[in-house]
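Engineer: Structure here, sequence nowhere to be found:
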């Protein structure tokens, strides 16, 4: 689950310190969610009559309610909030049927839907009748409907509302092509090429790599974004920028000095800072100080590894046996490809899952080994049932 870093003075971790523990809930309490939904109902009227002031408020509300909007660059958030429309569905309503033309893209803000597919053309077209198989569940924050818009093809599945109250934000095809095609459609080949180049998938047939790319999405996160990877139910691939993998543990009294926690020996810092006539000329001293400061900010006693382009994280959501008390922090603006646990388990070939499991197990064992000899070792999380 994505967590935004708190502002200074509001519980944000100090530089070089460990990130604070996060709750296991959603971004909002249920009471606050109800209030935000009421605001959404009030604000999300006819887009043609929507003022810029209303758009600003909608950006705030949608980002609070739904991680889909929080993962978008600010400019796209504003573009989307100028055109989104709120739609409500009741139990057993059909959002669209398999074979329908694609005309909208949807984001769930409340409730859930079922993805149903019929493999027998002789079966009745009503997806609520026998013969239609449920292949996935989509929940609040999930999106659907983009494939038909990208490929300009009929819907490949039906969407049915199983609960009594589901609300979605819809975006018409014309607006999707204008605003989001760069993130979804045009980047499909780029995603496949990126995945093809990863050593992890080097032995996979191209067909399976392309299948994996089809179910990945793109998001951009700002510096300081925090990912509680074991609760997010997403697997992330770093495309651009840098993150760091950290232990999620509180600091205790009596630990080593701040410089030692930062992973830089005290003597090295003293040599760089306190020797004006030392090995570095005066004009290079500031550069060396900045370099050390940067390393101190990146590496500390809680840092496990640097994650750059080609690395991935979040495997614990797929394989509970390797879950750890780890989080990931964006150290710069990062571009990520991600795929949900549901898509991995329901739509991805078993060979891909086996490769991910093998690599994830190796990484967990390797990272655990880096903490041998320390009194405080990363603890395995209890598997959720």
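Structural biologist: Okay, I see it. Only a predicted model underlies this, so the values are computations on that prediction, with no experimental measurement involved. Residues are numbered from 1 along each chain as shown.

Engineer: Can you list the buried residues in stretch 147-156?
Structural biologist: 147-150, 155 (16 or more other Cβ atoms under 10 Å). Quick note: C-beta positions are derived from backbone N, CA and C, even for glycine.

Engineer: Closest to residue 41 out of these?
Structural biologist: residue 149 (26.2 Å; Cβ to Cβ).

Engineer: could you list every residue that touches residue 163?
Structural biologist: 91, 111-112 (Cβ atoms under 8 Å, 6 or more residues apart in numbering).

Engineer: which among those end up buried?
Structural biologist: Of the contacts of residue 163, these count as buried by 16+ other Cβ under 10 Å: residue 111.

Engineer: As CSV, the contacts of residue 163 with secondary structure, distance to residue 53 and pLDDT would be great.
Structural biologist: Shown next, in CSV, are these (DSSP: H, G, I helix; E, B strand; the rest coil; distance: Cβ to Cβ, whole Å; pLDDT from 0 to 100):
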residue, secondary structure, distance to residue 53, pLDDT
91, coil, 36, 92
111, coil, 29, 92
112, coil, 32, 91
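
Engineer: which residue ranges form the helices in the stretch 251-385 of the chain?
Structural biologist: Secondary structure of the stretch 251-385 of the chain (DSSP state H, counting those that start in this stretch): helices at 258-261, 266-273, 282-298, 341-347, 350-369.

Engineer: Adjacent strands (with direction) for the helix or strand harbouring residue 170?
Structural biologist: Assigning secondary structure by DSSP states H and E places residue 170 in strand 166-172. Here strand 166-172 is paired, per DSSP bridges, with strand 85-89 (antiparallel), strand 104-110 (antiparallel).

Engineer: contacting residues around the helix or strand following that strand?
Structural biologist: Reading on from strand 166-172 to the C-terminus, the next helix or strand found by DSSP H and E is helix 173-179. Helix 173-179 has contacts (Cβ under 8 Å, 6+ apart) with 76, 79-80, 83, 102-105, 146, 149, 171, 184-185.

Engineer: Just the ones in strands from these, please.
Structural biologist: 104-105, 171 (DSSP state E).

Engineer: who wins for most neighbours among the residues you listed?
Structural biologist: In terms of neighbours by other Cβ atoms under 10 Å, those top out with residue 105 at 27 neighbours.

Engineer: My guess is that residue contacts residue 147. True?
Structural biologist: No - with contacts counted by Cβ atoms under 8 Å, residue 105 stays clear of residue 147, the gap being 9.9 Å.

Engineer: pLDDT of stretch 215-224, averaged?
Structural biologist: When pLDDT is averaged over stretch 215-224, the result is 81.

Engineer: what does it rub up against?
Structural biologist: Everything outside stretch 215-224 that qualifies as a contact, by Cβ under 8 Å, 6+ apart, is 2, 4-5, 71-73, 143, 183-184, 187, 191, 195, 237, 239, 329-340, 343-344, 347-348.

Engineer: Please repeat the previous calculation with a cut-off of 7 Å.
Structural biologist: The contact list for stretch 215-224 (Cβ atoms under 7 Å, 6 or more residues apart in numbering) reads 5, 71, 73, 183, 187, 191, 330-339, 343, 347-348.
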